[in-house]
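# Model the following, please.
(2 chains)
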2 protein chains.
Amino acid sequence: MYAEFYTAILTGTPHRELEAFLGRPVQVLDRLGVEKGGKDLVAEAKGKEVCLLTAGDPLTATTHTDLLVRAHAAGVPVRIVHGSSIYAAAPGLLGLQHYKFGRTTTLVRPEANWSPTSPFDALAENHARGLHTLVLLDIKADEGYFMTANEGLRLLLELAQRTGNPWFDAGTQVGVVARAGSDGGVRRTGPVEAMARQDFGPPLHCLVVPGPLQVVEQEAWDLLR
Amino acid sequence: MYAEFYTAILTGTPHRELEAFLGRPVQVLDRLGVEKGGKDLVAEAKGKEVCLLTAGDPLTATTHTDLLVRAHAAGVPVRIVHGSSIYAAAPGLLGLQHYKFGRTTTLVRPEANWSPTSPFDALAENHARGLHTLVLLDIKADEGYFMTANEGLRLLLELAQRTGNPWFDAGTQVGVVARAGSDGGVRRTGPVEAMARQDFGPPLHCLVVPGPLQVVEQEAWDLLR
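Below you'll find the predicted structure:
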């Protein structure tokens, strides 16, 4: 039985607890352990049952879809056990309606000579159409790097300036969800400037930039101030 | 302990099995049992722990968000236990990337003198921007009505004509997911005309109308033909 925690992590469920709960050893694989060209899980699954545990819904990452495709191509049957996902959890935790979300975007950590503005495109498009945006934050598990909501909010402010989107400023209402689904989870709403100064605790964090709110959405939003 | 199955149903998990699994009686509530003006779950929760079971992630329906808001307003603490949701499951089952989905739309059963074209708007918008669309299908649990993928596909063809969207026709590739997450679940891809003639079995069904596919998406899509 294997697990991978480089596409997402299970907050509040350390490896040891996972093994204790399952009553068997769980080998944690890195990217090369799962992806094509690395350890061949599909070949191993030809001889016996192989289980790969992931955080969130198992098919939200390309790497898992690719694994599924390779298994099908090799004639290895695959059973998918769905899990709760940030795509469904974050909107709901903030009281927002899922059908009012445009496409999701992911912020990546700017490097010395590389800081793409493209992650803001989805925000701008969704804003123009009165839709909410789920903003996922960069994960580099191998480096132990998980972008915080604070970094993400400051980066959004910078990208808004560089892309000429003045509607997104320090006063813009945003929602933050931290450690969704765990007991110590946090969900809070407020203006960018105030939110960027708050401490939301350990990862994973994500952001939501809402469009115009309906009555019920506004009520929920205000309660989470 | 209560449950509601009018916003969604638990395929393959009858009421009796649910009670057997939980080892306690579960009272199924209808819309009036959950919503404002009906049975007051919030008032009951002031005196004791009250549990409301739902299918899918508990906060994807407005009715649950409203319940959350009323509980907060009454000072009743609420613990949310997330669940797997069609919003995350359907895209993944078809091998599509979540960040390439535009807003979701829901088809409603046309009535004698009422057949809105608005559900097609999201499709047209997403198509214009090269995004995928998750199409949910009408549920009228009290009438035992669950729109099938077949009805949905025929309705989409009609709406495409009425809204002047000839790009959506009998040959358009679509994906169908039925009973996502249950052992007898079905996921299939193909052109509208051929798909509308297939039998996908009992509800719930949903549809996906994809935009342009990436390499890995195309590989997965073709495998599910």
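# And the helices in chain A?
A:15-22, A:31-34, A:41-47, A:62-73, A:86-93, A:119-128, A:149-162, A:192-196, A:215-223 (DSSP state H).
# With mean neighbour count, distance to B:Gly181 and mean pLDDT as added columns, please give these in CSV.
(Glycine included, C-beta is placed from N, CA and C.) Putting those into CSV (neighbours: other C-beta atoms under 10 Å in any protein chain shown; distance: least, C-beta to C-beta, whole Å; pLDDT from 0 to 100) gives the following:
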stretch, mean neighbour count, distance to B:Gly181, mean pLDDT
helix A:15-22, 12, 20, 93
helix A:31-34, 16, 23, 86
helix A:41-47, 14, 21, 94
helix A:62-73, 19, 15, 90
helix A:86-93, 26, 13, 95
helix A:119-128, 20, 28, 97
helix A:149-162, 19, 31, 98
helix A:192-196, 18, 35, 98
helix A:215-223, 17, 27, 94
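# Nearest the middle, which residue of chain A would you pick?
A:Leu136 (4.6 Å; C-alpha atoms, centre = their mean).
# Quick check: beta-bridge partners of that one?
A:Thr106, A:Cys206 (DSSP bridges).
# got a pLDDT number for it?
pLDDT, A:Leu136: 97.
# residues touching it, list them.
A:Ile86, A:Thr104, A:Thr105, A:Thr106, A:Leu107, A:Cys206, B:Tyr99 (C-beta atoms under 8 Å, 6 or more residues apart in numbering or on different chains).
# repeat for A:Arg197
By C-beta under 8 Å, 6+ apart, the contact set of A:Arg197 is A:Asn150.
# pretty sure A:Gly171 is touching A:Val192, no?
Yes - using C-beta atoms under 8 Å, A:Gly171 makes contact with A:Val192 at a distance of 7.0 Å.
# backbone phi and psi for A:Gly164, please?
Main-chain torsions, A:Gly164, degrees, to the nearest 10: phi 70, psi 50.
# Distance of it relative to A:Thr117?
Distance of A:Gly164 to A:Thr117, given as C-beta to C-beta, to the nearest Å: 10 Å.
# Just want to know which of these two has more residues nearby.
Neighbour totals were compared for A:Gly164 and A:Thr117, and A:Thr117 leads with 15 against 9 (other C-beta atoms under 10 Å in any protein chain shown).
# State the distance from the more buried one to A:Pro110.
Distance of A:Thr117 to A:Pro110, computed by C-beta to C-beta: 10 Å.
# now do A:Gly95
In terms of C-beta to C-beta, A:Gly95 sits 31 Å off from A:Pro110.
# ok, these two, which is more surrounded?
Neighbours of A:Gly95 and A:Pro110, each counted by other C-beta under 10 Å, are more numerous for A:Gly95; the result is 29 against 14.
# nearest spatial neighbour of that one, skipping sequence neighbours?
For A:Gly95, ignoring the flanking residues on the chain, the nearest one in space by C-beta to C-beta, 6 or more residues apart in numbering or on different chains is A:Ala220 at 2.2 Å.
# Identify the residues contacting the one you found.
With C-beta under 8 Å, 6+ apart, A:Ala220 has these contacts: A:Leu94, A:Gly95, A:Leu96, B:Thr65, B:Leu68, B:Val69.
# Tell me, what's the model's pLDDT at the residue lying closest to the first one once chain neighbours are set aside?
In this structure, A:Leu94 finds its nearest non-sequential neighbour in A:Gly175, 4.2 Å apart by C-beta to C-beta, 6+ apart. We have a pLDDT of 98 for A:Gly175.
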